[in-house]
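Asks: Prediction below, plus the sequence it came from.
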Protein chains: 2
Amino acid sequence: MKYYAGVDLGGTNTKIGILDENGEILIKESIKTLSEKGMETTLKRIWGTIESLMDQKKISRENIHGIGIGIPGPVINQEIVSFFANFDWEADVNISKAMEKISGVPTKLENDVNMIAIGESKFGAGKGSSSSITVALGTGVGGGIVVNSKLISGMNGAGGEIGHIKLVENGKLCGCGQKGCFEAYASATGIIREAKSRLAVNKNNLLYKSLEGNIEKLEAKDVFDCAKAGDEFSMEIVNYVGNYLGMGIGNLLNVINPEIIILSGGVALAGEILLDVVNEKLKQYAMPVTLRNLKIKLGELGNDAGIKGGIALFL
Amino acid sequence: MKYYAGVDLGGTNTKIGILDENGEILIKESIKTLSEKGMETTLKRIWGTIESLMDQKKISRENIHGIGIGIPGPVINQEIVSFFANFDWEADVNISKAMEKISGVPTKLENDVNMIAIGESKFGAGKGSSSSITVALGTGVGGGIVVNSKLISGMNGAGGEIGHIKLVENGKLCGCGQKGCFEAYASATGIIREAKSRLAVNKNNLLYKSLEGNIEKLEAKDVFDCAKAGDEFSMEIVNYVGNYLGMGIGNLLNVINPEIIILSGGVALAGEILLDVVNEKLKQYAMPVTLRNLKIKLGELGNDAGIKGGIALFL
């Protein structure tokens, strides 16, 4: 049996798992990333954890055939990181080579959201399909596109950066500095901004009551929960968000025409109440031919998607 | 030497060429399509023309290794046509098999704009690149996307239907029946609509004068010509169009991050005056990382792109 290591390098925590060639996670562990100690030290700590997990599973070094690492930043050619979104590490460095030097094991990198996408595509909601788009709806909106069973990584590692397609000319300011981005409307942050802005002028609703006067503690989940409880004010926000989610996904369908759209991340947990709006809106934004036989599903791997993506890079 | 036939099946005329394995067209001919005579008769006439061209070049049957046909409609799996945009032919038919039965030669199909895209990608403006997006700006807006040197054809053959991504929520009505499509703004038709609408309320400009009172004869080219001649009214229309062209292309860059954008079709002939606006607008619509090392070029193959795409499907 061949074994692989999957690593999900995060801003705070790094998740590390050992997988067999069927993509089953045999053992996993989460460690503090401590990126401030530098790139080399961090890679060595990750390899140390991999070694310890292997020992616990009595897997010898020569049976580990690859390490796949998800990176918070754009990755070129599965080896070079253009820049790190959160770390103070050097740009344009071949992290793959650095890890191979430390571990002696072939190492491939991908952007962290791409890693989730390829994980879901091969082992999760997209299993059995050759084309899928994973839309990760969290603090921001990320994405990963798989066509012919391969990721579209992009010339500079920016393939699948769907959060920054523009849905509104001169629209809401986005964290990226540009305006009208998908992310500014359909992320948790976008939902919270919209809800707060509406609460400023309307306090006669369940959402306001549920916050007990403390608007600052508002989370995206509160909006969905109140909408499910019948609050019209909250439902209007869900419709507003679902409209742009439909427009963004519709645009992707017209470009890629994939077999499946996989929704992951915290906002996707809203489930049916949001999916119903999106499905309705898609009729006005997507070409009918792209909706024929299209599946829209929630992600199935949760926090394990990134680790499972690690092995998917080698299959 | 291996030889191939490239066929560009059009609504009125069908262009047919014989190519060598380097993509050089040895001989070509254009015949009337006469689709009303039915699918089988048309395919036989096309094969007859291929045979006659081969005879003229003294190429024997066994040296023809493939026929590539560009189809006006969505193509699934390079063999089945979902429906024909202009012909009264049966839907969901395996045209590839039908042609192979007639000719005895392996036959592959692609959507006609995808065919132009793969032709430009392998033999034209995109030569040497592994990823490109061809934006065909004519009566409508079509597209073809090449990643890892392969077309993104889509589950139902609708991959690269970029003309129908939505740039404006509830925007201008498009010929497809939906609203706010890229095509409604950046096609020749879109330019003419916008110019006519403006001319209805402003006749004090060079564009109106150049039409000698006959607004109905307005073509997109007139707008670009007058803008080049210094007409401010026309230049404002060029800015308007270039803005949406930048927004549409910017969205594609954020999704695919290709090496090159290839502009083809009649509107692209406007050249620098339009490209300058697009390049400026891209700064506000595309993520900066996608613009690094990006090339934007005009198509180089003109009417031969479709025929050359025919062989590209076999390489």
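Replies: Alright, I've got the coordinates. Bear in mind the structure is a predicted one, so any value in this text is a computation, not a measurement.

Asks: Going by C-alpha atoms from here, please, whenever you check contacts or count neighbours.
Replies: Will do.

Asks: Quick check: A:Val105 touching A:His65?
Replies: Yes. Contact criterion CA atoms under 8 Å: A:Val105 and A:His65 qualify, at 6.5 Å.

Asks: neighbour count winner among those two?
Replies: Ranked by neighbour count (other CA atoms under 10 Å in any protein chain shown), A:Val105 and A:His65 place A:Val105 first, with 21 against 17.

Asks: Skipping adjacent residues, who's closest to the more buried one in space?
Replies: Computed as CA to CA, 6 or more residues apart in numbering or on different chains, the closest residue to A:Val105 that is not its neighbour in sequence is A:Gly66, at 5.8 Å.

Asks: Against chain B, how distant is that neighbour?
Replies: Between A:Gly66 and chain B the computed distance is 23 Å (CA to the nearest CA, to the nearest Å).

Asks: where does that residue land in three-state SS?
Replies: Assigned by DSSP: H, G, I helix; E, B strand; the rest coil, the conformation of A:Gly66 is strand.

Asks: Let me know whether it touches A:Phe314 as I believe.
Replies: Yes. Shown here, A:Gly66 and A:Phe314 form a contact pair, counting by CA under 8 Å, at 7.0 Å.

Asks: more neighbours, the two?
Replies: Between A:Gly66 and A:Phe314, counted using other CA under 10 Å, A:Gly66 has the larger neighbour count: 21 against 15.

Asks: In which helix or strand does A:Met247 reside?
Replies: Using DSSP states H and E, A:Met247 sits in helix A:232-256.

Asks: So for that helix, what gets flagged as buried?
Replies: A:233-235, A:237-256 (16 or more other CA atoms under 10 Å in any protein chain shown).

Asks: average model confidence for it?
Replies: Helix A:232-256 shows a mean pLDDT of 98.

Asks: I figured A:Leu282 hits A:Gly242, correct?
Replies: No. Taking contacts as CA under 8 Å, A:Leu282 lies outside contact range of A:Gly242: 9.7 Å.

Asks: quick revisit: can you pull the pLDDT of the residue nearest to A:Val105?
Replies: Looking at A:Gly66, the pLDDT reads 97.

Asks: Just grab the bridge partners of it for me.
Replies: Counting by DSSP bridges, A:Gly66 is bridged to A:Tyr4.

Asks: List the contacts of it.
Replies: Residues counted as contacts of A:Gly66 (CA atoms under 8 Å, 6 or more residues apart in numbering or on different chains) are A:3-5, A:105-108, A:311, A:314.

Asks: for the stretch 101-250 of chain A, what spans make up the helices?
Replies: Using DSSP state H, counting those that start in this stretch, the helices found in the stretch 101-250 of chain A span residues A:112-123, A:182-186, A:188-199, A:206-210, A:220-228, A:232-256.

Asks: Serialize the contacts of A:Gly66 to CSV and add fields for pLDDT.
Replies: Shown next, in CSV, are those (pLDDT from 0 to 100):
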residue, pLDDT
A:Tyr3, 97
A:Tyr4, 97
A:Ala5, 98
A:Val105, 97
A:Pro106, 97
A:Thr107, 98
A:Lys108, 98
A:Ile311, 94
A:Phe314, 93
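
Asks: Report the buried members of those residues.
Replies: Looks like those have A:3-5, A:105-108, A:311 buried, using 16+ other CA under 10 Å.

Asks: Out of those, flag the one nearest to B:Ser130.
Replies: Nearest to B:Ser130 out of the buried ones among the contacts of A:Gly66 is A:Lys108 (CA to CA; 20.2 Å).

Asks: picking that back up, quick check: the two most widely separated of the contacts of A:Gly66?
Replies: Pairwise distances across the contacts of A:Gly66 peak at 14.6 Å for A:Tyr3 and A:Lys108 (criterion: CA to CA).

Asks: Secondary structure element holding the residue lying closest to A:Glu40 once chain neighbours are set aside?
Replies: Excluding the flanking residues, the one nearest A:Glu40 by CA to CA, 6+ apart is A:Ala98, at 7.6 Å. Using DSSP H and E, A:Ala98 sits within helix A:95-103.
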